[in-house]
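>>> Based on what follows, work out the 3D shape:
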Amino acid sequence: MIQDLHGLDFGPILALNNEHAMETSELDASRLKALLDMACYARGVDGGATALLIALDQEAGYENPNFAWFKAAYERFVYIDRVIVADAARGRGIARALYEDLFFFAKDSGQERVVCEVNLDPPNAASDAFHAAMGFEAVGQNTIHGGAKTVRYFAKVL
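Predicted coordinates for the structure are as follows:
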């Protein structure tokens, strides 16, 4: 069910990502390739057409204000850059399965924590609830993009 996305056709991955660009960020093929090249973990369902989770470790040369916040706060971590489940596939436990697979991968790689951010303004109550249920705890917050967005930072100790 869960498969590595490295080396697969970008089409389905790009389509799913850009359908949810409001929650994540829009990508073109070259930016997606660069992100996958940096990713320590890029797995999904149905080749990324149904669901995907892309994560980076502290070694990635990722220019992103949220990643930079975690890099300043922790020596070692796995950062969830994006997790997306297609609308038609929600409620089936796919996100939970991807997170559990990531936790196993991270722990097996010697990592101590998995981190992410969730929008605080505009709010994302469903994501807050999901991350709390998965064992994440709030560790900070930040206003980014010139005040356009406020995020809350979460970490799960493995």
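
>>> When you work out contacts or count neighbours from here on, use the C-alpha atoms and nothing else.
Will do.

>>> burial count for Cys40?
For Cys40, the number of neighbouring residues by other Cα atoms under 10 Å comes to 21.

>>> how close does it get to Leu56?
Going from Cys40 to Leu56 by Cα to Cα, to the nearest Å gives 5 Å.

>>> next one: Phe77
Distance, Phe77 to Leu56, using Cα to Cα: 8 Å.

>>> which SS state does Ile80 fall under?
Reduced to three states with DSSP: H, G, I helix; E, B strand; the rest coil, the structure at Ile80 is strand.

>>> One more: Phe103?
Reducing the assignment at Phe103 to three states with three-state DSSP gives helix.

>>> In this structure it contacts Val114, no?
Yes - with contacts counted by Cα atoms under 8 Å, Phe103 reaches Val114, the gap being 7.3 Å.

>>> Spit out the residues that contact those two alike.
Between them, Phe103 and Val114 have Leu158 as joint contacts when contacts are counted by Cα atoms under 8 Å, 6 or more residues apart in numbering.
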